[in-house]
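J.: Sharing a model that was predicted from the sequence below.
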Amino acid sequence: MTVRALVFDAYGTLYDVQSVRGLAVELCGRKGELVTQLWRLKQLEYSWLRGLMGGDEDFWRLTRASLEFALEAAGVAVDPKLCERLMAKYLDLDLYPGAREALDALAGRKLAILSNGSQKMLDALVEASGVGPLFADVISVARAKTFKPDPKCYALVEQALGVGKHEVLFVSSNGFDVAGAKAFGFKVAWIERGGGVTPASSDIGPAEFYKLLRGRAEKLGPGADFRIKALTDLPSVAARLG
Ligand code: LAC
């Protein structure tokens, strides 16, 4: 079946959530790495919990709450100014290397983003990185009033883009998102980002721990249809699918 749309996850897939690290280290010193990893882990956890609780929570507020948790857990004072600076970076995260090149190479196709981010956050991110004109739609799961991997989120794509689920290639580096998109019925390409590393001992830092937990494929049913190493591998996958 021909692929009529390529739909991208945002955080961790097109945009590098780890790009908050530089600022986190500047503001939190030796705790910066720990804050960076705890923040993202807690943000994901809160999105799943909010989804289960049936709460229609704004992802911006959820991201701020998870930042405050991370700072407190790391023993860094929860200073509103520090929080605001770190939160502002979430509106201007770095695109992964090769993202622009891959999107340009796919530009003849229908492209979209489907993300847990609020519409405001995503619009700011896309605007700041200058890739807005490449997308047919930037879809926030807020339209479904829940978070991925709730199937209601993936179902937004069909309506927004006017395509059937079997005509979508969904692209994510997040294992839980791959599992959710696959269970929904999309074809899925998983970007493996450093998940293949095996630690020599238990003596690892927060970034390695994060990669072990979040960088690997999940054991949650059928895996991705395609495993790729970088976004620049996508145009050839799409070309094979027709
Ligand atoms: C997103 C999360 C999964 O962008 O990172 O939806």
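T.: Nice, thanks for sending it over.
J.: how about Ala189, phi and psi?
T.: Backbone torsions for Ala189, taken as degrees, to the nearest 10, come to phi -110, psi 120.
J.: Quick check: it vs Asp177, distance?
T.: Ala189 sits 11 Å away from Asp177, going by C-beta to C-beta, to the nearest Å. Bear in mind the C-beta positions are built from the backbone N, C-alpha and C, glycine included.
J.: the strands in the protein, which residues?
T.: 5-8, 15-16, 94-95, 110-115, 137-140, 168-172, 187-191, 226-228 (DSSP state E).
J.: Just name the most buried of those.
T.: strand 168-172 (a mean of 28; mean count of other C-beta atoms under 10 Å).
J.: Please list the residues outside it that contact it.
T.: Here strand 168-172 makes contact (C-beta atoms under 8 Å, 6 or more residues apart in numbering) with 3-9, 12-13, 114, 154, 157-158, 161, 178, 181, 186-191, 231, 234, 237-238, 241.
J.: how far away is Val35 from Val78?
T.: Relative to Val78, and taking C-beta to C-beta, Val35 is found at 11 Å.
J.: Give me the common contacts of those two.
T.: Leu71.
J.: more crowded one of these two?
T.: Val35 (26 against 12; other C-beta atoms under 10 Å).
J.: Including mean pLDDT, could the strands of the chain go into TSV?
T.: Listed next are the strands of the chain as TSV, based on pLDDT from 0 to 100:
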stretch	mean pLDDT
strand 5-8	98
strand 15-16	98
strand 94-95	98
strand 110-115	98
strand 137-140	98
strand 168-172	98
strand 187-191	97
strand 226-228	96
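J.: and of the ones you listed, who's closest to the ligand?
T.: strand 110-115 (3.5 Å; C-beta to the nearest ligand atom).
J.: Could you export the closest one as PDB, CA atoms only?
T.: Listed next in PDB are the C-alpha coordinates belonging to strand 110-115 (Å, rounded to 0.1, in the frame of the first residue of the first chain):
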ATOM      1  CA  LYS A 110       2.400  15.100   2.700                       C
ATOM      2  CA  LEU A 111       4.200  15.700   6.000                       C
ATOM      3  CA  ALA A 112       2.900  16.400   9.500                       C
ATOM      4  CA  ILE A 113       3.800  16.400  13.100                       C
ATOM      5  CA  LEU A 114       1.800  14.600  15.800                       C
ATOM      6  CA  SER A 115       3.000  15.500  19.200                       C
END
